[in-house]
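In: Everything below, folded, please.
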Amino acid sequence: MENKTMKIQVLGSGCPSCKKLFELTKKAAEELKLKTEVEYITDIQKIVEMGVMTSPVLAVNEKPILTGFVPDIEKIKEAIKKFI
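Out: Here you go, the predicted structure:
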């Protein structure tokens, strides 16, 4: 896979759903062999700055790509692949 710089973030309040999305996203990045860290952000202000009103949020390069639910790992990988 190409080694473009990609920034993956999970934003949420720290609730169990947000933590689950973070864990699944880290696993998805590993399975896709991405050389990037997944950042976990609990700053509500950052979520608001992205213009999103529901959490958890999966963002790539500071753009929200999945919001308001915890998808399965395959959906997360498909969403991330669009940015590779």
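In: ok now the helix or strand of the chain with the lowest mean pLDDT, how far from the chain's centre?
Out: Lowest on mean pLDDT, DSSP states H and E among the helices and strands of the chain sits helix 44-49, with a mean of 90. Here helix 44-49 shows a centroid-to-chain-centroid distance of 14 Å under the convention Cα atoms, centre = their mean, to the nearest Å.
In: which strands and helices sit next to whatever helix or strand comes next after it?
Out: Next helix or strand after helix 44-49 toward the C-terminus (DSSP states H and E): strand 57-60. Strand 57-60 is packed against strand 8-11, strand 63-67, helix 73-81, with contacts defined by 3 or more Cβ pairs under 8 Å, 6 or more residues apart in numbering; DSSP states H and E. Yep, even glycine has a C-beta here, placed from its N, CA and C like the rest.
In: Spatially central, which residue of the chain would that be?
Out: Geometric centre of the chain, nearest residue: residue 58, 2.9 Å, by Cα atoms, centre = their mean.
In: dump the residue contacts of the nearest residue to that one once chain neighbours are set aside.
Out: Closest residue to residue 58 apart from its sequence neighbours, by Cβ to Cβ, 6 or more residues apart in numbering: residue 66 at 4.2 Å. The neighbours of residue 66, taking Cβ atoms under 8 Å, 6 or more residues apart in numbering as the test, are 57, 58, 75, 76, 79.
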